[in-house]
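1. all I have is the shape, not the residue letters:
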Ligand code: CP
């Protein structure tokens, strides 16, 4: 692996998941691999899990990790080509990425979809610009269209808890007061299908994901029907893709409740966090013994560690 922007960069998915699960058993097994190596974690948006799990993953591999919060610490970046830079953006990505890549062995970036211009977000201008101008390998810590480190952690979690080879997995839209990107849902759909799980996506009308991410998943507009016999229920809010970035519904009847979880096959509840309790999911579900939200978040360390390990091995 020479960069990790999406699932397309993964040559062998079962091997990567297996690597992550093996690393989890012995997190310091490769603590020499990252000696004298360093990673720069660049955040254009807030984070709790991604920031801390990535630092922890780097430390476990013997790497140093530096964090740059572009919003509060760095110069505002310009990404457009050929512009007259007389706005508030003081530094062009061409210089910024080249400089950061000359300081670090790996560069990881978080840059959410802005939800203003679908073409711009789905062109992945920010992360693709880093890839283009940065001499070091680039890792996606959530971009305009995807959150592959989250999806890898989700896949690890399902592998650890499944009771059948190809479990029924349901990705359900749930209400949220603010518009959120489609990135987590997109990657979850992509990775569950790559793992050959039985994926159903359920959401209200108007919340269809882009065709390229829906793939061959079943789409069921009746949430209760979708939950029937599910072994895993993955809740997430996303804003509309067709009416781009808009909140079309805040219908609380889409919240994940204990009564709906009773329709499943003793289904486990998952969410990437942060989650709004009693909006997305009721307390009785997230606090139940079937909730996997904490193990899922813990696996974020090992998804990043497996990716960094493969990148470091490629650098050798
Ligand atoms: N799930 C996730 O990426 O969490 P953070 O936004 O806190 O990093």
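-> Structure received. Just so it is clear, the structure is predicted and the values come from calculations on it, not from any experiment. Numbering: from 1, shown residues only.

2. please make it C-alpha for all contacts and neighbour counts, starting now.
-> OK.

3. which residues of the stretch 51-200 of the chain fall in strands?
-> Using DSSP state E, counting those that start in this stretch, the strands of the stretch 51-200 of the chain run over 64-69, 77-78, 91-92, 106-110, 138-140, 168-173, 198-202.

4. got the ones you listed as a markdown table, with mean neighbour count columns?
-> Output for the strands of the stretch 51-200 of the chain, formatted as a markdown table (neighbours: other C-alpha atoms under 10 Å):
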| stretch | mean neighbour count |
| --- | --- |
| strand 64-69 | 16 |
| strand 77-78 | 18 |
| strand 91-92 | 16 |
| strand 106-110 | 24 |
| strand 138-140 | 25 |
| strand 168-173 | 26 |
| strand 198-202 | 23 |
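
5. any chance of those in JSON lines, plus mean pLDDT and distance to residue 213?
-> Converted to JSON lines, the strands of the stretch 51-200 of the chain look like this (pLDDT from 0 to 100; distance: least, C-alpha to C-alpha, whole Å):
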{"stretch": "strand 64-69", "mean pLDDT": "97", "distance to residue 213": "30"}
{"stretch": "strand 77-78", "mean pLDDT": "94", "distance to residue 213": "29"}
{"stretch": "strand 91-92", "mean pLDDT": "96", "distance to residue 213": "31"}
{"stretch": "strand 106-110", "mean pLDDT": "98", "distance to residue 213": "20"}
{"stretch": "strand 138-140", "mean pLDDT": "98", "distance to residue 213": "17"}
{"stretch": "strand 168-173", "mean pLDDT": "99", "distance to residue 213": "12"}
{"stretch": "strand 198-202", "mean pLDDT": "98", "distance to residue 213": "11"}
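
6. quick one: closest of these to residue 314.
-> strand 106-110 (11.3 Å; C-alpha to C-alpha).

7. packing partners for that closest one?
-> Strand 106-110 sits against strand 38-43, strand 138-140, with contacts defined as 3 or more C-alpha pairs under 8 Å, 6 or more residues apart in numbering; DSSP states H and E.

8. strands paired with that strand, and their directions?
-> Applying DSSP bridges, strand 106-110 is found paired with strand 38-43 (parallel), strand 138-140 (parallel).

9. the ligand: which of those is closest?
-> Distance to the ligand, taken as C-alpha to the nearest ligand atom, is lowest for strand 38-43 among the strands paired with strand 106-110, at 9.8 Å.

10. which residues touch that closest one?
-> Outside of strand 38-43, the residues within contact range by C-alpha atoms under 8 Å, 6 or more residues apart in numbering are 51, 54, 58, 63-71, 100, 104-111.

11. how about the strands of the stretch 51-200 of the chain, which one is nearest the ligand?
-> That would be, of those and by C-alpha to the nearest ligand atom, strand 106-110, which comes in at 8.9 Å.

12. that closest one close to the ligand?
-> No. Using C-alpha under 6 Å from any ligand atom, strand 106-110 never reaches the ligand; the gap is at least 8.9 Å.

13. which residues touch that strand?
-> 38-45, 100-101, 127, 136-143, 311.

14. which of these count as buried?
-> 38-44, 100-101, 127, 136-143, 311 (16 or more other C-alpha atoms under 10 Å).

15. how does this structure divide up, domain by domain?
-> Domain segmentation of the chain under automatic domain parsing yields 7-146+298-315, 150-296.

16. could the ones you listed be laid out in CSV, adding distance to residue 1?
-> Output for the domains of the chain, formatted as CSV (distance: least, C-alpha to C-alpha, whole Å):
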stretch, distance to residue 1
domain 7-146+298-315, 6
domain 150-296, 15
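
17. residues of the longest helix belonging to the chain that come out buried?
-> For the chain, the longest helix by residue count, based on DSSP state H, is helix 293-315. With burial defined by 16+ other C-alpha under 10 Å, the residues of helix 293-315 counted as buried are 293, 296-312.

18. the ligand contacts on the stretch 151-300 of the chain?
-> 272-273.

19. in the stretch 151-300 of the chain, which residue sits nearest the ligand?
-> residue 272 (4.4 Å).

20. how much space between residue 22 and residue 9?
-> Separation of residue 22 from residue 9 (C-alpha to C-alpha, to the nearest Å) stands at 21 Å.

21. thinking again about what came up before, give the contact list for the residue of the stretch 151-300 of the chain closest to the ligand.
-> 150, 184, 236, 293, 296-297.

22. rerun that using 10 Å as the cut-off
-> Contact analysis of residue 272 by C-alpha atoms under 10 Å, 6 or more residues apart in numbering lists 49, 150-151, 153-154, 184-185, 234-236, 292-294, 296-297, 300.

23. also residue 273?
-> 48-49, 235-236, 293-294, 296-297 are the contacts of residue 273 under C-alpha under 10 Å, 6+ apart.

24. which of the residues you listed sit farthest apart?
-> 48 and 235 (18.9 Å).

25. neighbour count winner among the two?
-> Higher neighbour count among residue 48 and residue 235: residue 235, with 24 against 9, using other C-alpha atoms under 10 Å.
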